[in-house]
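Asks: Next one to model:
(chains A and B)
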Amino acid sequence: GENVEQHPSTLSVQEGDSAVIKCTYSDSASNYFPWYKQELGKGPQLIIDIRSNVGEKKDQRIAVTLNKTAKHFSLHITETQPEDSAVYFCAASITGGSYIPTFGRGTSLIVHP
Amino acid sequence: DTGVSQNPRHKITKRGQNVTFRCDPISEHNRLYWYRQTLGQGPEFLTYFQNEAQLEKSRLLSDRFSAERPKGSFSTLEIQRTEQGDSAMYLCASSPDSNQPQHFGDGTRLSIL
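Replies: Numbering: from 1, shown residues only, chains lettered A, B, ... in the order given. All right, here's what the predicted structure looks like:
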């Protein structure tokens, strides 16, 4: 089955800096890669996703890149703000069929004001 | 669109008791998923429904667990004879189909005394 590795487990940055979280996956059939943000006491919230026919996607301060050959994808947050502090999860799945994502173990992002 | 709703938000019970959680998905979302999340981990798949049909169960779903979605709308997850190891956050997610993002509720946190 699919295996998703996520690094780092903790990331501490100063407000205004950039943050990068990296994930690798094992199943070359995976074609959909969502990123979720989870705040304390809440469920994961989808913040951006990318499909395998695209190499990069941006949404304001957030961007995701995908390298299918190397089987890795990354989340980039620019101009970080204290409200970006949360746990971020990457996931990999195959659309169609059961469409069950495999999640990474999460990155705790701390943005210091 | 009111989002995925889960009740109760918190449940504390004694070992050996039965508990039931409810999930109301986003309206007209055909797919409904149950996950379990423990501290420091990403969500782990338990089971999913396509309308009222339960199509797949994880090996994590022991015979003490049962899930239903009788009319293809809300779903319930029941745990019988709870054990200490059942303590976790139980998350529900829904999606329109197998190609669209899954949206999560805020979960039910179960604590076994």
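
Asks: Quick check: chain neighbours aside, which residue is closest to A:Asn3?
Replies: Distances taken as CB to CB, 6 or more residues apart in numbering or on different chains place A:Ser26 nearest to A:Asn3, at 4.3 Å, with adjacent residues excluded. Where C-beta positions appear, they are placed from N, C-alpha and C, glycine not excepted.

Asks: Next up, phi/psi of that neighbour, please.
Replies: Geometry field for A:Ser26 lists phi and psi as phi -110, psi -30, criterion degrees, to the nearest 10.

Asks: Quick one: neighbours of B:Gly42, just the number.
Replies: Using other CB atoms under 10 Å in any protein chain shown, B:Gly42 has 22 neighbouring residues.

Asks: next one: B:Tyr33
Replies: Per other CB under 10 Å, the neighbour tally for B:Tyr33 reads 26.

Asks: now the strands: where do they sit in chain A?
Replies: Assignment of strands within chain A using DSSP state E yields the ranges A:4-7, A:10-14, A:19-25, A:32-38, A:45-51, A:56-59, A:62-67, A:72-77, A:86-92, A:102-103, A:107-112.

Asks: If I look at B:Asp1, what pLDDT would I see?
Replies: B:Asp1 is assigned 54 on the pLDDT scale.

Asks: Could you check which residue of chain B lies nearest chain A?
Replies: Proximity of chain B to chain A (CB to the nearest CB) peaks at B:Gly42, 2.9 Å away.

Asks: quick one: that residue and A:Ala92 touch, right?
Replies: No: the pair B:Gly42 / A:Ala92 is not scored as a contact, 11.1 Å apart, by CB atoms under 8 Å.

Asks: Residue ranges in the chain under the pLDDT threshold?
Replies: In the absence of a named chain, this looks at chain A. For chain A, no stretch is flagged by pLDDT under 70.

Asks: look at chain B instead
Replies: Counting by pLDDT under 70, chain B shows low-confidence ranges at B:1.

Asks: near chain A, which residues of it?
Replies: With CB under 8 Å from any CB of the partner chain as the criterion, chain B comes near chain A at residues B:4, B:6, B:31, B:33, B:40-45, B:48, B:55-56, B:91, B:95, B:98-99, B:101-107.

Asks: Find the nearest non-adjacent residue to A:Lys22, please.
Replies: A:Ser74 (4.8 Å).

Asks: gap between that neighbour and A:Asn67?
Replies: Using CB to CB, to the nearest Å, A:Ser74 is found at 8 Å from A:Asn67.

Asks: more neighbours, the two?
Replies: Neighbours were tallied for A:Ser74 and for A:Asn67 using other CB under 10 Å; the higher tally belongs to A:Ser74 (17 against 11).

Asks: Could I get the contacting residues of the more buried one?
Replies: Under the criterion of CB atoms under 8 Å, 6 or more residues apart in numbering or on different chains, the contact partners of A:Ser74 comprise A:Val20, A:Ile21, A:Lys22, A:Cys23, A:Val64, A:Thr65.

Asks: who are the neighbours in contact with residue 24?
Replies: Chain wasn't specified; assuming chain A. Taking CB under 8 Å, 6+ apart as the contact definition, A:Thr24 lies against A:Val4, A:Glu5, A:Ala70, A:Lys71, A:His72.

Asks: ah, I was thinking of chain B
Replies: Remark: with contacts taken as CB under 8 Å, 6+ apart, B:Asp24 is in contact with B:Val4, B:Ser5, B:Gln6, B:Asn7, B:Ser73, B:Phe74.
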